[in-house]
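Novice: build me a model from this:
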Amino acid sequence: MVYAAASGTFRTPFRPELGRVGYRVVKRAFDVVFSGAVIAVAAVPSALLCLAIRLESPGNPIYSQIRMGRLDRDGTLHPFRMYKFRSMYADADERLEGLLDKNEVEGAMFKMRDDPRVTRIGRFIRRHSIDEFPQFVNVFLGQMSVVGPRPPLPREIPEYSEGDFRRLAVKPGLTGPWQVSGRSDLSFSEMVELDLGYIERRGFLYDLYLIARTIKIVFTGEGAA
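Specialist: From the prediction side, this is the model:
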């Protein structure tokens, strides 16, 4: 694997197959319409939530983070800026290094159930996945899809095996099989297995099924960290 520091891109030995043009066209059309509708409906509640986040703790209520997108045909992996409602204190990234030894999952991912960096409002919006709603902007811009594997952090990529890279053969998503099958209760290897299963059987009806399951989890908070 080769890393280009100037652009933040990675080049991997894995070369994805980018077929199924018809499905990808329909999926992109759905992404634009669905994300546009959510953004319009959620505009006022989102503004109120931003105010509440800002009142509880200083800092921008919208948190942005560099994530890695889908692999190109030549194996290049490009970064993009992903958005969330801020669920942690503003210095959360600086405090991460001191918490790495408390990681509760194996592999290239960090999860901690009682993370001290999470605010009170943050615990609620994370439990119900409300913190992810700003990613509908990423979906509308074409950086993500509504359904797909979650986009990894750049620091996680060097730990990937060649098999792990296969989960990045499709555009990353806001929700997917990991979110509806246990979320933080699953290990990294289990997440990869679920993502590869999704890539094998993906289709428009399956995407709709995963969206319906996700809506249920938004209300129940099942499997949240």
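
Novice: ok, residues contacting the longest helix seen in the chain?
Specialist: Counting residues, the longest helix in the chain under DSSP state H turns out to be helix 21-41. Where contact means CB atoms under 8 Å, 6 or more residues apart in numbering, the residues beyond helix 21-41 that reach it are 133, 136-137, 139-140, 142, 145-147, 202-204, 207. In this view, the C-beta of every residue, glycine as well, is placed from N, C-alpha and C.

Novice: can you redo those residues as TSV with secondary structure and neighbour count?
Specialist: Compiled in TSV, those are given as follows (DSSP: H, G, I helix; E, B strand; the rest coil; neighbours: other CB atoms under 10 Å):
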residue	secondary structure	neighbour count
133	coil	20
136	helix	22
137	helix	16
139	helix	26
140	helix	17
142	coil	14
145	strand	24
146	strand	23
147	strand	28
202	coil	19
203	coil	12
204	helix	13
207	helix	23
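
Novice: quick one: these as TSV, columns for distance to residue 216 and pLDDT too.
Specialist: Compiled in TSV, the contacts of helix 21-41 are given as follows (distance: CB to CB, whole Å; pLDDT from 0 to 100):
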residue	distance to residue 216	pLDDT
133	16	95
136	18	98
137	24	97
139	20	98
140	24	98
142	27	96
145	20	97
146	16	97
147	15	96
202	20	90
203	20	92
204	20	92
207	15	95
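
Novice: between these, which sits nearest residue 81?
Specialist: residue 137 (10.1 Å; CB to CB).

Novice: leaving out chain neighbours, which residue sits closest to the closest one?
Specialist: Leaving aside its sequence neighbours, residue 137 sits nearest to residue 83 (CB to CB, 6 or more residues apart in numbering; 5.8 Å).

Novice: how many other residues sit next to the one you found?
Specialist: Using other CB atoms under 10 Å, residue 83 is surrounded by 18 other residues.

Novice: now do residue 212
Specialist: Other residues within reach of residue 212 by the criterion other CB under 10 Å amount to 10.

Novice: with residue 197 instead?
Specialist: Other residues lying near residue 197 total 12 when counted by other CB under 10 Å.

Novice: any weak-confidence spans in this protein?
Specialist: For the chain, residues meeting the criterion pLDDT under 70 lie at 1-10, 13-19, 101-109, 111-112, 182-185, 221-225.

Novice: ranges for the helices of the chain?
Specialist: With DSSP H applied, the chain shows helices at 21-41, 43-56, 92-95, 120-127, 135-140, 188-201, 204-220, listed in chain order.

Novice: tabulate these (JSON lines), appending distance to residue 159.
Specialist: What follows is these, written out as JSON lines (distance: least, CB to CB, whole Å):
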{"stretch": "helix 21-41", "distance to residue 159": "29"}
{"stretch": "helix 43-56", "distance to residue 159": "31"}
{"stretch": "helix 92-95", "distance to residue 159": "18"}
{"stretch": "helix 120-127", "distance to residue 159": "24"}
{"stretch": "helix 135-140", "distance to residue 159": "23"}
{"stretch": "helix 188-201", "distance to residue 159": "9"}
{"stretch": "helix 204-220", "distance to residue 159": "26"}
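
Novice: so which of these is the most surrounded?
Specialist: Taking mean count of other CB atoms under 10 Å as the contact definition, the stretch among the helices of the chain with the greatest mean neighbour count is helix 135-140, which reaches a mean of 22.
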